[in-house]
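*Asks:* return a 3D structure for these sequence lines:
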Amino acid sequence: MILGIALGYAIRKHKKIVRIGDSLIMWAIYLLLFLLGVAIGTNETILKNLPTLGAKA
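*Replies:* Residues are numbered from 1 along each chain as shown. All right, here's what the predicted structure looks like:
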């Protein structure tokens, strides 16, 4: 974590690198959300209990 902070501090003035990093992070989040949706969609227990999950929350 400290290495990441140091790297971010060092490249903060390089706008192009920061913009590329932001884009990569956004696409990684999209991929993780997609994979989470696939995992939920293939889980029969969750799909079977989906109507009652909203009522309990």
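*Asks:* for the protein, longest helix please?
*Replies:* helix 15-41 (DSSP state H).
*Asks:* so what's the residue positioned nearest the centre of the chain up against?
*Replies:* Using C-alpha atoms, centre = their mean, the residue of the chain that lies closest to the mean C-alpha position is I29, 2.8 Å off. By C-beta atoms under 8 Å, 6 or more residues apart in numbering, I29 lies in contact with nothing. No exception for glycine: its C-beta is placed from N, CA and C like everyone else's.
*Asks:* measure it to I46 for me?
*Replies:* Distance from I29 to I46, counting by C-beta to C-beta, to the nearest Å: 21 Å.
*Asks:* show me what the worst-scoring helix or strand of the chain on mean pLDDT is in contact with.
*Replies:* When the helices and strands of the chain are scored by mean pLDDT, DSSP states H and E, helix 50-56 comes last with a mean of 75. Residues outside helix 50-56 that contact it (C-beta under 8 Å, 6+ apart): I46.
*Asks:* how far off centre is that helix?
*Replies:* Relative to its parent chain, helix 50-56 has a centroid offset of 24 Å by C-alpha atoms, centre = their mean, to the nearest Å.
*Asks:* now do stretch 31-43
*Replies:* 12 Å.
*Asks:* which residues does that stretch contact?
*Replies:* Contacts of stretch 31-43 (C-beta under 8 Å, 6+ apart): I46, L47.
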